[in-house]
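[1] This is a predicted model, with the sequence first.
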Amino acid sequence: MRLGVAATPEVALPTLSWLQTSGHTLVRVISQPDKPSGRGQEIHSSPVSQWAKANSIELVNPATVPEINKALSDLDLLITIGYGRILPAQTLAIPKHGCINLHFSLLPKFRGAAPVQRAIESGESESGVTVFALDPGMDTGPIYTSITVPIEPTMRSYELLEKLSVIGVTAIENALIAIESGIAPVAQTGQASIASKITREEAALDWNASSKTLHNKIRAFYPQPHAWTNFRGQPLKISAAKIAGSDIKLEPGELRVVENECLIGTGDACLVLETLTPAGKKEMSALDWSRGARFESSERCG
């Protein structure tokens, strides 16, 4: 088939790389227009745009629906992966076989912008990938294939997304076989839930919450938007932590170094802070940070 891929983030790269050797023709890549980012607001291309340029694949960065429609006019099928834009019904009907999406959850659970993050935040024990036929709704179309993946207790969003992006190749391959064989997708069943976009404000850690709740938030929000707290009036990003094995009790947010572990109190047990990023510095081990900070008695975050 003559395929196009509409995608923006790095998680699309394993599928793009596979398509080059799949026997299908990757006609073009569609990605969001270049945007300013970072402190200097310099213009940057998306990871997918960079991949297309590096691999000499035709790249278009449409800003309007008519421009998108033109890019789909000669395709048999469009694959979307985190493209970041809901396509109207008339656009979805342009390719011969329509459009499919690779979504990083077991639909209908966690429809929306942040399925992996919300699954970890909720304490789910499994996740997965789903390939479905796009319709005008938000991740509501019928399913071609899905693959389940366990969520390890130490996995953060970064690690789980990396794993799902690789497994997604198999899901896409299975979906393409089904489409070529004339197999119709199956309507979604089960309890639906929404995985809304995460704001920086909700990534702030409330140390009165339980250790499990806080641990899940830290795992879920890495690397974006990054769980954070305040220390001595400055933001402190928490990258990794674990629930302490000891029965030491500290007040919520209270910091203490015990036996080479940087502990912080929560609403119940302590957490061991493992890696973090102080304001204006690079990520470092929490123990190294604590040695430089030299906590005062009963000093707290928050």
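    Yes, it's here.
[2] in the stretch 101-250 of the chain, which spans are helices?
    Ranges of helices in the stretch 101-250 of the chain, per DSSP state H, counting those that start in this stretch, are 115-121, 157-180, 211-220.
[3] the domain parsing of the protein - what is it?
    Structural domains annotated on the chain: 2-180, 201-293, as defined by automatic domain parsing.
[4] Mind checking these for the one nearest to residue 194?
    With CB to CB as the criterion, residue 194 lies closest to domain 2-180 of these, at 5.0 Å. In short, each C-beta sits where N, CA and C put it, glycine included.
[5] Show me the shaky parts of the stretch 1-150 of the chain.
    Counting by pLDDT under 70, the stretch 1-150 of the chain contains low-confidence ranges at 37-41.
[6] what comes into contact with stretch 15-31?
    Contacts with stretch 15-31, where a contact means CB atoms under 8 Å, 6 or more residues apart in numbering, come from 1-8, 45-46, 48-49, 51-52, 55, 57-62, 68, 71, 74-75, 78-79, 81, 83, 102, 165, 168-169, 172-173, 176.
[7] ditto for stretch 234-245
    The contact list for stretch 234-245 (CB under 8 Å, 6+ apart) reads 154, 156, 205, 211-212, 214-215, 218, 222-223, 226-230, 261, 263, 269-279, 283, 301.
[8] of all the domains of the chain, which lies closest to residue 191?
    With CB to CB, the closest approach to residue 191 among the domains of the chain belongs to domain 2-180: 7.0 Å.
[9] what's the span of the closest one, first residue to last?
    12 Å (CA to CA, to the nearest Å).
[10] on that earlier part again, which ones among the contacts of stretch 15-31 are found in helices?
    48, 49, 51, 52, 68, 71, 165, 168, 169, 172, 173, 176 (DSSP state H).
[11] Would you check that the last one makes contact with residue 76?
    No. With contacts counted by CB atoms under 8 Å, residue 176 stays clear of residue 76, the gap being 10.1 Å.
[12] hmm, back to that, dump the domains of the chain to TSV, plus mean neighbour count and distance to residue 191.
    Formatted as TSV, the domains of the chain follow (neighbours: other CB atoms under 10 Å; distance: least, CB to CB, whole Å):
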stretch	mean neighbour count	distance to residue 191
domain 2-180	18	7
domain 201-293	18	20
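[13] May I see those domains organised as CSV, with distance to residue 188 added?
    Converted to CSV, the domains of the chain look like this (distance: least, CB to CB, whole Å):
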stretch, distance to residue 188
domain 2-180, 5
domain 201-293, 24
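[14] So which of these is nearest residue 195?
    domain 2-180 (3.9 Å).
[15] picking up where we left off before, reformat the helices of the stretch 101-250 of the chain as JSON lines; add distance to residue 17.
    Supplementary listing: the helices of the stretch 101-250 of the chain in JSON lines, determined by distance: least, CB to CB, whole Å:
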{"stretch": "helix 115-121", "distance to residue 17": "21"}
{"stretch": "helix 157-180", "distance to residue 17": "8"}
{"stretch": "helix 211-220", "distance to residue 17": "27"}
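[16] Residue 95: which of those is closest?
    helix 157-180 (10.7 Å).
[17] what's near enough to touch residue 55?
    Neighbour list for residue 55: 16, 20 [criterion: CB under 8 Å, 6+ apart].
[18] Return the distance of residue 221 relative to residue 215.
    Relative to residue 215, residue 221 is positioned 11 Å away (CB to CB, to the nearest Å).
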